[in-house]
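Peer 1: Quick one, structure for this:
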Amino acid sequence: MNTRMALLEEMNRLRHDILAMAARVEEDLGKALTALRSGDAELAKEVKAGDEVVNALQIKIEDEAATVIATQQPVARDLRELVTIFKITGNLERIGDHAVHLAKTAARLAGDPPFRSMERLERMAEIGQRMIREAVSAFLAQDADAARKIAALDGAIDEERKALIEEALGLMKEKPGLVKKAYRLIKTSGHLERLGDHVTNICEGIVYMVEGRHEELNG
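Peer 2: Below you'll find the model as predicted:
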């Protein structure tokens, strides 16, 4: 097998692994969301176990990417993709951590009457799921314009968080006994806001990979 063919084979393997890692992160976020809606504390625990799988995938992918750089001597477009792969894995790992935080909130609120603001958490998570799924599709399709459109969805997450904070603060004022729970909602919404930021980082990496230039999205 010539050098170019060997490089292409390794790159395809890395893309497949990125897809698997992103699918696992999206699945864990979905479990956390379902646990929040249903109050299923056991399902919330599964998210923590899933996060360990995500961490292992990050190490595997980054080790493989480093080996490709060291042994295949990629240049130009291929090298930019490898650099982007490191950015994607790092941000997916952090997204996985935020899914764990959502699951912890779901476990702690299990059995309690639902808050209206929990619906906003749900919408934030739903948008996050969509962003993850579409960002990976943009990466595989090498579509910079799609990446820009996906990053723009982060604004919807930010708007939901602003509304949630207002509602939670009102709840604290009206019902002081719920201050701790309302604060937890605010704190969890911060994790989901950062989740959107991490997907935006991935989208910026895709733009760099395709066009060879750094562009700040949603700046």
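
Peer 1: Show residues contacting stretch 66-79.
Peer 2: The contact list for stretch 66-79, computed with CB atoms under 8 Å, 6 or more residues apart in numbering, reads 3, 6-7, 10-11, 14, 82, 209, 212. In short, each C-beta sits where N, CA and C put it, glycine included.

Peer 1: For it, measure first residue to last.
Peer 2: One end of stretch 66-79 sits 11 Å from the other (CA to CA, to the nearest Å).

Peer 1: In it, which residues are buried?
Peer 2: The neighbour-count check on stretch 66-79 (16 or more other CB atoms under 10 Å) flags 68, 72, 74, 78 as buried.

Peer 1: and of those residues, the nearest to residue 179?
Peer 2: Using CB to CB, residue 68 comes nearest to residue 179 of the buried residues of stretch 66-79, at 51.9 Å.

Peer 1: Next up, the contacts around residue 168.
Peer 2: Residues counted as contacts of residue 168 (CB under 8 Å, 6+ apart) are 115, 117, 182-183, 185-186.

Peer 1: Now do the same contact list for the residue nearest the centre of the chain.
Peer 2: The centroid of the chain falls nearest to residue 95 when counting by CA atoms, centre = their mean (3.6 Å). Neighbouring residues of residue 95 by CB under 8 Å, 6+ apart: 25, 29, 128, 132, 195, 198-199.

Peer 1: Could you single out the nearest of the residues you listed to residue 106?
Peer 2: Nearest member of the contacts of residue 95 to residue 106, counting by CB to CB, is residue 29, at 11.5 Å.

Peer 1: Nearest spatial neighbour of the closest one, chain-adjacent residues omitted?
Peer 2: residue 99 (4.3 Å; CB to CB, 6 or more residues apart in numbering).

Peer 1: got it, and residue 48?
Peer 2: residue 100 is the one closest to residue 48 (CB to CB, 6+ apart), at 5.8 Å.

Peer 1: The one you found is in what secondary structure piece?
Peer 2: helix 76-109 (DSSP states H and E).
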